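>>> just the structure for this:
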Amino acid sequence: MKQFQFNYESEEKLISMLKRIRQWCNSSVVSNVLFQIFTETLNKNMIRSICGMIEKEMPSALYMGCSSNGNILMGDKSKRPISIICTVYEYPSTQIKMLQYPLDEERAKSVVESLNQHVRSNPWVKSVMTFTTMRGMSMTNYCEYLEMLPKEVVFCGGGAFSRDINDNAAVVFSSDGDVSDHAVVFLLTGGEDYHVQALHVTGWKPLGRHLSVTKARGPILYELDGKPAYETYNRYLNIKNDENFFSNTLEFPFLYELNGMDILRAPIGSREDGSLEMTADIAENIYARIAYGDPWTILESTYQAAVHFQDFIPDTFTVFSCAGRRTFWGDDEIGNETQPFQSIAPTSGFYTSGEFLRNGNHVNQHNVTLVVAAQREGDTEGKTIPQVDVDVEQFSGKVSMINRLATFIQAATEELEEANSRLEILAISDGLTGLYNRSEIQNRITECARAGEYRSVHGKNRMGISLIMMDIDDFKSVNDNYGHKEGDNVLIGLADMLRKIVEEHVPDASVGRWGGEEFMVLLPETNLEGALRIAELFRVNFSAIGFPLAGHRTMSLGVTEMVAGEDADLACMRVDDALYEAKHAGKNRVVVAEP
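You can find the predicted model right below:
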């Protein structure tokens, strides 16, 4: 595989370069030629002119391109608005195919179905690379449709953009279609001797506590923890809602897990109602955290990604880097994160409005992310493994101030969340036995009564929700004769037995200490007959326990089933009456109270 990377300067120079490439191809073994054109200009006539020159000078070559927020040439930000990369495939088995479709939300499914048909009817396909217009279009369903592609096929690509980051205008084009502002281009590549790998790099790290997305619709994030989303940036980061909002929040996008992968979503604007316009859809009922961008951490991440590719021995890299990363770094330093790849193979690409990558069963749309695809022809036998050649001292052994502060904040946040979690558990737990306390078990009974208010089982308005109440027989004598410590041992022994039987037989049950030596068990999916069987297990197993001083003890139990529409307190009174009857009938027995 051979690659030529150059900038467009004039028609004369382009024609001259095309003639040189054609001459090189005529003297070499060539199977396919591909041109990729990345342009910051949206001048359709100029784009068509460049494509026309390629068609004239190299009519058998395929080409694809898109508008961009900037171009990557030889691993660095190109200083020219139009960059051209020519990849020459040399192995006869390598095949490429170009597809272009009109694209909008209505046509997304049919586009992917057609793509899937092409891929599955051409078993040589190993990768699909895409350039797509996407601004103003939700890509959530589109990404879900793409999951129909064979899992073994690598899928990656980027969203077309424009020089102005606030402009929604963008175009794609190819040898299979004209310049279009609502379209998608797919490059299918494969063959016996073609190999490809792809991964994503963020470098942004989570900071602070989890925030619940309580209201969102498409790319509009309305509320976090029930409050206007903008308040999070204003309160914690003192970011104002002004002309610098986008650039300031780029350092602090949201990070959350989607389909088993960390996803970044950056706000691009704050609206009057305090909602945030995000770079892509964000779902409700997920937990997100603010992430921070630190140059040392990002460079370390890109360095490790490049090291990952060393053994693959790539011939070329294609990089899809979010325009937000370019804004974060600035044009003078953005090349720092792509130079590690260039040090082991020619690296090109563009700055995108979004990045795509398949991870297992899912295709994800990323933001503020670097997606890197490596390709190679032939095997690696006899080839020297390239080494990443960058100045690692810029981040090796050196920790930035923001990294240290972020580590401190994160550790403090985790300690606070752990402490709060312990407090929440203590608030609903009995201090001696660790079971639910009376308040919590009562709340759970009440919730079950409300949830099953209209539920009817066996045509008798029974809910299939049962209660078991129990009391240790003659417990006062244990405390009087052996002391309160032994009394506590008996209570703990009963609690442990209840937990064990519940976990084995009715894991959805809730067990609580009702007070003193009384205990209550809520069985939300058990009828009266089933509850009676569980109660007998409790009775028999408790009497088998031998305590050091108190020996073997017994207990009495009451059982009832709740009735639809019944107040929870009435059910508790009925099971308490059944327990009282068991006590007065001779103890060590189970009494059932029919609803």
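
>>> C-alpha only now, for contacts and for neighbours.
Fine.

>>> in a helix, that's where residue 49 is, yeah?
Yes - with DSSP: H, G, I helix; E, B strand; the rest coil as the criterion, residue 49 is part of a helix.

>>> what about it, how many neighbours?
12 (other CA atoms under 10 Å).

>>> ditto for residue 577
19.

>>> and for residue 477?
Around residue 477 there are 12 residues (other CA under 10 Å).

>>> and after the strand or helix carrying it, which helix or strand comes next?
Following DSSP states H and E, one finds residue 477 within helix 475-482. Using DSSP H and E, the helix or strand that follows helix 475-482 in sequence is helix 484-505.

>>> for the helix holding residue 477, which positions count as buried?
Across helix 475-482, burial judged by 16 or more other CA atoms under 10 Å covers 475, 478, 479.

>>> also stretch 67-85?
67-78, 81-85.

>>> as a check, name the ranges of all strands in the stretch 1-150 of the chain.
2-7, 32-39, 62-67, 71-73, 76-77, 82-89, 95-102, 125-132 (DSSP state E, counting those that start in this stretch).

>>> which among those strands is found nearest to residue 357?
strand 125-132 (9.5 Å; CA to CA).

>>> note down every partner strand of the closest one and its orientation.
strand 154-159 (parallel), strand 183-190 (antiparallel) (DSSP bridges).

>>> can you name the element that comes right after the last one?
The reference is to strand 183-190. Beyond strand 183-190 toward the C-terminal end (DSSP H and E), the next one is strand 194-201.

>>> and the very next helix or strand once past that next one, what does it pack onto?
Counting by DSSP H and E, the next helix or strand C-terminal to strand 194-201 is strand 205-217. Applying 3 or more CA pairs under 8 Å, 6 or more residues apart in numbering; DSSP states H and E, one finds that strand 205-217 contacts strand 220-224, strand 287-292, helix 401-428.

>>> just the buried residues of helix 475-482 now: which is nearest residue 176?
residue 475 (86.2 Å).

>>> contact partners for the spatially most central residue of the chain?
Central residue of the chain (CA atoms, centre = their mean): residue 258, 1.8 Å from the mean position. By CA atoms under 8 Å, 6 or more residues apart in numbering, the contact set of residue 258 is residue 364.

>>> bridged to it, which residues?
Bridge pairing for residue 258 - DSSP bridges - gives residue 261.

>>> cool, and residue 510?
Going by DSSP bridges, residue 510 forms beta bridges with residue 522.

>>> where in this protein is pLDDT low?
Along the chain, segments meeting pLDDT under 70 span 392-417, 452-462.

>>> distance of residue 383 from residue 313?
Per CA to CA, to the nearest Å, residue 383 is found 8 Å from residue 313.

>>> more neighbours: which of those two?
Taking neighbours as other CA under 10 Å, residue 383 and residue 313 compare with residue 313 leading, 20 against 9.

>>> for the more buried one, give me its contacts.
344, 376, 380, 383, 384, 385, 386.

>>> likewise residue 486?
478, 479, 549, 550.

>>> how long is stretch 504-516 end to end?
OK, stretch 504-516 end separation, CA to CA: 26 Å.

>>> and for stretch 26-43?
Span of stretch 26-43 from end to end, CA to CA: 33 Å.

>>> give me the residues contacting it.
60-71, 81-96, 162-163, 170-171, 349-350.

>>> rerun that using 6 Å as the cut-off
Around stretch 26-43, the neighbours that count as contacts under CA atoms under 6 Å, 6 or more residues apart in numbering are 61-70, 81-90, 92, 162-163.

>>> need the contact list for residue 289.
Per CA under 6 Å, 6+ apart, neighbours of residue 289: 210, 211, 254, 255.

>>> doesn't the last one lie inside a strand?
Just to be clear, that refers to residue 255. Yes - the assignment for residue 255 by three-state DSSP puts it in a strand.

>>> what about it, how many neighbours?
Other residues close to residue 255 by other CA under 10 Å number 23.

>>> name the element the residue lying closest to it once chain neighbours are set aside belongs to?
Closest residue in space to residue 255, ignoring its immediate chain neighbours: residue 264 at 4.6 Å, by CA to CA, 6 or more residues apart in numbering. Assessed by DSSP H and E, residue 264 sits inside strand 261-265.

>>> so what secondary structure elements neighbour that strand?
strand 254-258 (3 or more CA pairs under 6 Å, 6 or more residues apart in numbering; DSSP states H and E).

>>> let's see 8 Å
Using 3+ CA pairs under 8 Å, 6+ apart: strand 261-265 touches strand 254-258, strand 362-366.

>>> outside of the helix or strand following it itself, list whatever touches it.
Where DSSP H and E defines the elements, the next helix or strand beyond strand 261-265 is strand 267-270. Here strand 267-270 makes contact (CA under 8 Å, 6+ apart) with 230, 241, 245, 246, 249, 250, 253, 276, 277, 278, 279.

>>> return the closest of the residues you listed with respect to residue 288.
Among these, and counting by CA to CA, the member closest to residue 288 is residue 253, at 9.9 Å.

>>> leaving out the residues flanking it, which one is nearest to the closest one?
residue 266 (4.4 Å).

>>> gap between that neighbour and residue 206?
In terms of CA to CA, residue 266 sits 13 Å off from residue 206.

>>> residue 35 now?
Residue 35 is 39 Å from residue 206, by CA to CA.

>>> so how many other residues sit close to the residue nearest to residue 18 when sequence neighbours are not counted?
Nearest non-adjacent residue to residue 18, counting by CA to CA, 6+ apart: residue 57, 6.5 Å away. Residue 57: 15 surrounding residues under other CA under 10 Å.

>>> can you check residue 16 too?
The burial count for residue 16: 13, using other CA under 10 Å.

>>> circling back: looking at the contacts of residue 313, state which has the most neighbours.
residue 344 (22 neighbours).

>>> thinking again about what came up before, closest one of the contacts of residue 289 to residue 429?
With CA to CA as the yardstick, the closest approach to residue 429 among the contacts of residue 289 comes from residue 210, at 24.7 Å.

>>> report the contact partners of the closest one.
Contacts of residue 210 by CA under 8 Å, 6+ apart are 287, 288, 289.

>>> so what pairs up with the last one in the strands?
Note on residue 289: beta-bridge partners residue 255, judged by DSSP bridges.

>>> quick one, phi/psi of residue 544?
phi -80, psi -10 (degrees, to the nearest 10).

>>> what's the distance between the nearest residue to it once chain neighbours are set aside and residue 227?
Excluding its sequence neighbours, the residue lying closest to residue 544 (CA to CA, 6+ apart) is residue 552, at 6.6 Å. Distance of residue 552 to residue 227, computed by CA to CA: 57 Å.

>>> same question, residue 540
Residue 540 is 53 Å from residue 227, by CA to CA.

>>> repeat for residue 347
44 Å.

>>> compare the two (neighbour count), which wins?
residue 347 (27 against 15).
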